[in-house]
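*Asks:* Got a sequence here, can you model it:
(chains A and B)
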Amino acid sequence: MAAGDLLVDFSPQCNEPPSSGAATPDVRSGHPVLDFDDSADEAARFTAILPWHYAGGGITVYAVVSFTGDTDDSHTGQLEIAFERIGDGQQDLDSDGFGAAKALTVAVPSTCGHTEVASVAFSGAELDGLAAGELFRVRVVCDTSESDFSGDLELERLVLRETP
Amino acid sequence: MARSFDDTCHHYLGLGATVVSGPPLTMACWFYGDDASVGGNMMSVTSLVAQESHALSLTSAAEGQRVAASSEEDGVWHLAETTCPWTPNVWSHACGVWADDDSRHAYLDGADKGTNSDACDLGWLGRMNVGGLLYGYGTPTQSFSGRIAEAAIWSTALGDAEVGSLAAGYCPLLVRPGDLVAYWPLGGVFGRYDLDRWKNGYDLIPYIVPDWADHPPVLYPNRPLVVGREAAGPGGSTAAYAYRAVAGRVWHTGAAAAQHHVTGPRAGQVFTSGPVVGNVYA
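*Replies:* Below you'll find the model as predicted:
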């Protein structure tokens, strides 16, 4: 019944930055973005409740991304996405407990300023046990060792949708 | 609303507390200086018993009209000044970073970085000031002329990129919050208060009460948009799923015949026929 439902939409101002290696909040022509460097792995984290209407069909994560200067469309940026189930007595808040990350690869658009939307699907079993109605975090890390873009990767939005 | 300071009235906000004990620290705020002949002190931490301070200030036109991050020991000032002058009657962002006792930097709008590396080891700093410089008690000096908003102080030295984020308009709550010590919006969405909106409760006290004026545009933290849905539609059918309509219209790609008009606090239009396979707009 719920396949394809929009679940959560994270803007850059929803970011809960880690104490070190955080993606940099920035503005591009008035659009809030999170900048990820090309030379060091940087991270962003977001917290929300998974809506109760989530029916357990897995979650597809969509990233809306642009790049500051690179227009070589043979280049890519790789984001590592991971979920952490906080739930009800599931996670000690004094430590991180993210599940295994999955790669979300974004191609560099040939036109500077254009956005690119890329996605990666998580099965129900790949969500750290997360269930409907539970508190969770999702972490985004730009893996520079698996990327070849130059300048900054700019994250405009991170969207979660029940996998269609 | 921002706080508007009149230097001739010695408008001033202060607090007798050790907000930070010394470097590393960062002070930042938006400012709207309205008199280049005056400049003045925007934020400072000072001693109660000696002429010692770390201060984020504007110098006057006669002194170069710069943003200055200074350390003062026994009345001797050691200034890091920005490489470009500030402009009167426009909102700009000022930041001072004290990385160590011999390393301080000043920024104007996230750029024009100036550095000073004089050694300066201060004692106990027991007062926080906004809009003027006060060591112990009495009337503040270096009174500021203009508006101040979104003042914040961190117990760490922010990096160039983080200072740039603040100058881009991001709320201090979104920049290195783990090392944020105090955040005084001085208006804006938080209302006309001088309260610390972070966890430590360093609320400022208006000893000589400044006025209120327009606030600069700021990107505040957002809540994520979480899309909710009820188990039963407005029609009471358990087979029909309805999205909560809040101040607008919600629909999906079902047959239009089954639309519902919802009244009251959930006013809006809800289309509930068939399986939910489309997008949701609210």
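
*Asks:* mind checking the end-to-end distance for stretch A:117-134?
*Replies:* 27 Å (CA to CA, to the nearest Å).

*Asks:* how many neighbours does B:Arg147 have?
*Replies:* 27 (other CB atoms under 10 Å in any protein chain shown). For the C-beta atoms, the positions are set from N, CA and C on the backbone; glycine is no exception.

*Asks:* Run through the neighbouring helices and strands of the helix or strand hosting A:Glu80.
*Replies:* A:Glu80 belongs to strand A:76-85 when elements are defined using DSSP states H and E. Applying 3 or more CB pairs under 8 Å, 6 or more residues apart in numbering or on different chains; DSSP states H and E, one finds that strand A:76-85 contacts strand A:59-67, strand A:102-107, strand A:116-122, strand A:135-142, strand A:153-162.

*Asks:* now the first one against strand A:153-162, angle please.
*Replies:* If I follow you right, that is strand A:59-67. Strand A:59-67 and strand A:153-162 are oriented at 160 degrees to each other (axes from the mean of the first three to the mean of the last three CA atoms, to 10 degrees).

*Asks:* where's strand A:59-67 relative to the chain centroid, distance-wise?
*Replies:* The gap between where strand A:59-67 is centred and where its chain is centred comes out at 6 Å by CA atoms, centre = their mean, to the nearest Å.

*Asks:* what's the angle from that strand to strand A:76-85?
*Replies:* Using the same axes, to 10 degrees: strand A:59-67 against strand A:76-85 is 140 degrees.

*Asks:* Between its first and last residues, how far does stretch B:106-123 reach?
*Replies:* End-to-end distance of stretch B:106-123 (CA to CA): 22 Å.

*Asks:* For chain A, which element, helix or strand, carries the lowest mean pLDDT?
*Replies:* Within chain A, no helix or strand scores below strand A:24-28, which has a mean of 93 by mean pLDDT, DSSP states H and E.

*Asks:* which residues sit against that one?
*Replies:* Strand A:24-28 has contacts (CB atoms under 8 Å, 6 or more residues apart in numbering or on different chains) with A:12-13, A:15, A:32-35, A:37, A:42, A:66, A:68, A:113, A:152, A:154, B:161-162, B:164-165, B:168-170, B:174-175, B:219.

*Asks:* just to revisit the earlier point, TSV for the helices and strands packed on strand A:76-85, including mean neighbour count, distance to chain B and mean pLDDT?
*Replies:* As requested, the helices and strands packed on strand A:76-85 are arranged in TSV below (neighbours: other CB atoms under 10 Å in any protein chain shown; distance: least, CB to the nearest CB, whole Å; pLDDT from 0 to 100):
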stretch	mean neighbour count	distance to chain B	mean pLDDT
strand A:59-67	22	13	98
strand A:102-107	17	18	98
strand A:116-122	16	14	97
strand A:135-142	22	10	98
strand A:153-162	23	9	97
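
*Asks:* That's all I had, so thanks and see you.
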